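In: got a predicted structure here, sequence first:
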Amino acid sequence: MKVLYVAFHDPMDIDVGNGMDYFHYHSICDRGFEVKVNGPFNNPAARLEQLIARIYQRTGKRYLKYKFSTAWKASQATNQAVRKWKPDVIFTIYPAALMFYKESTPCVYSLDTTIYGLEKFWPLYGWPILMLSMWQEQRVINKCKKVLTNSEWHRKILTDIYKVPLNRTEVFALPSTLPPQQVPDKIEMGWKTLQSPFRLLLVGRDYLRKGIDIAIETVRKLNSAGIFAELTVCGTQGKEERFIKFVGPYKKSDPGQLGQYLDLYREANLLIHPAVFEPAGIVAAEAAAFGTPTITNDVGGMATTVADGESGFVLPRGSPSDAYVQVITRLIQNPEGYYALCQSTRRRYERELNWDVVGTRFADILRQAAKPG
């Protein structure tokens with residue numbers, strides 16, 4: 001079966017776009033499909049669009065994520081590739097390439113959130129660009145035989161707001177994008193001693209959206225309560241304190257840097273992810289590969305990525321640092337429960353948070369989409 005893979009980023013580069021193109025592409029190739037890559041499309045926007053964007057951004061809001069001139073060029077390249085190569089199905093995580101798609105080959109589109117889902121929790125675009133972006137997305141979604149997403153929260157948005165029938169949607173928790181050969185077959189829980197200090201890890205680049213301020217408050221309060229805890233923030237820089245350090249980001253393509261990154265997950269007692277908005281939260285799946293549970297809140301798709309009580313704790317949306325302190329304190333006081341949680345976290349990774357499992361399901365979806373009717 002022939003799959004036209006329309007790329008957003010270079011599918012050979014694990015370091016760009018959180019590795020999404022890399023893992024989707026290799027997942028298809030590893031299952032025996034004949035795959036042709038179209039893109040990525042790095043054409044600059046037309047000068048008029050660049051001017052409009054600069055003017056609009058003076059309002060303090062972002063302009064269109066997918067410029068019309070780029071979408072036109074990408075869509076025409078997709079149309080041409082379909083006519084020339086005649087694939088059985090098209091797959092993409094890049095909606096612009098389908099915005100002006102006109103051929104009949106069925107399409108499968110995967111996304112963690114729409115602009116509507118993002119704007120609901122983390123307003124960036126403002127009303128006029130939100131409306132225009134939703135019109136763009138609706139055009140793409142209407143052309144697709146299957147729409148894949150990473151949470152029940154976003155599936156509801158697709159059905160309620162974009163009017164996608166349930167039988168055209170598929171939900172799968174976002175799997176880890178760690179190189180699978182670097183994930184150990186078995187986890188030694190001895191790495192996760194509950195003796196002081198209790199190690200908290202946060203992986204994220206956006207200081208406010210990822211809730212780094214809440215994580216810092218949490219570790220301060222734990223130490224004030226007599227619980228020796230440390231927080232490592234990976235992915236951005238900040239002011240270090242006695243119990244707080246900042247590291248990374250690390251490149252997964254660099255063996256040395258990857259090793260340092262994996263050690264963070266291996267040695268952490270808990271991944272803390274108090275995000276204000278998160279469409280899926282790939283870091284929770286990465287942590288699960290090392291049996292490291294996640295404590296987060298019910299925002300965006302986090303309640304799908306983290307199974308409450310099985311691979312971590314999902315607090316109510318917008319929970320303050322005190323709520324994180326309470327749960328962490330109870331966990332430290334119950335070592336047996338903590339280690340059981342680590343084991344069930346790893347089992348969930350093996351069951352559904354890795355690309356071997358997800359890739360098999362993904363391949364089945366592509367085969368079904370290629371069938372007539």
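Out: All right, it came through fine. What you see is a predicted model; the values in this text were computed from it and never measured.

In: residue contacts, Val16?
Out: The contact partners of Val16, by CB atoms under 8 Å, 6 or more residues apart in numbering, come to 9-10, 22. For every residue, glycine as well, the C-beta is placed using N, CA and C.

In: so, low pLDDT: which residues of the stretch 201-350 of the chain?
Out: Counting by pLDDT under 70, the stretch 201-350 of the chain contains no low-confidence segment.

In: please enumerate the helices of it.
Out: For the stretch 201-350 of the chain, the helices defined by DSSP state H, counting those that start in this stretch occupy 212-224, 255-267, 282-288, 302-305, 321-332, 335-352.

In: what sits up against the third one?
Out: Contacts with helix 282-288, where a contact means CB under 8 Å, 6+ apart, come from 18, 173-178, 201, 203-204, 265, 268, 271, 273, 293-294, 296, 302, 305-306, 311-312, 345-346, 348-349, 353-354.

In: among these, name the ones in strands.
Out: Counting by DSSP state E, the part of the contacts of helix 282-288 found in strands is 201, 203, 271, 273, 294, 296, 312.

In: for those residues, work out which two are farthest apart.
Out: Longest distance between any two of the ones in strands among the contacts of helix 282-288 is 13.9 Å, between Val203 and Gly312; criterion CB to CB.

In: can you check which residues contact both of the two?
Out: Here Val203 and Gly312 have Leu271 as joint contacts, going by CB under 8 Å, 6+ apart.

In: which residues in the protein form strands?
Out: Along the chain, counting by DSSP E, strands occupy 2-6, 34-38, 89-92, 107-110, 146-149, 169-171, 198-203, 229-234, 244-247, 270-273, 294-297, 312-315.

In: for stretch 22-32, give the mean pLDDT please.
Out: Stretch 22-32 carries an average pLDDT of 96.

In: which other residues reach it?
Out: In contact with stretch 22-32 (CB under 8 Å, 6+ apart) are residues 3, 5, 7, 9, 11-14, 16, 35, 37, 91, 93, 110, 175, 177, 355, 358-360, 362-363, 366.

In: now do Lys145 against Ala71, distance only.
Out: Using CB to CB, to the nearest Å, Lys145 is found at 20 Å from Ala71.

In: who has more neighbours, those two?
Out: When neighbours are counted by other CB atoms under 10 Å, Ala71 comes out ahead of the other of Lys145 and Ala71, with 24 against 18.

In: dump the residue contacts of the more buried one.
Out: If a contact means CB under 8 Å, 6+ apart, then Ala71 has 96-97, 99-100, 136 as its contacts.

In: ok, now Leu111?
Out: 93, 95, 147-149, 154.

In: pick the most buried one from the helices of the stretch 201-350 of the chain.
Out: Counting by mean count of other CB atoms under 10 Å, helix 282-288 has the highest mean neighbour count of the helices of the stretch 201-350 of the chain, with a mean of 28.

In: quick one: that helix to chain centroid distance?
Out: Mean-position distance between helix 282-288 and its chain equals 10 Å (CA atoms, centre = their mean, to the nearest Å).
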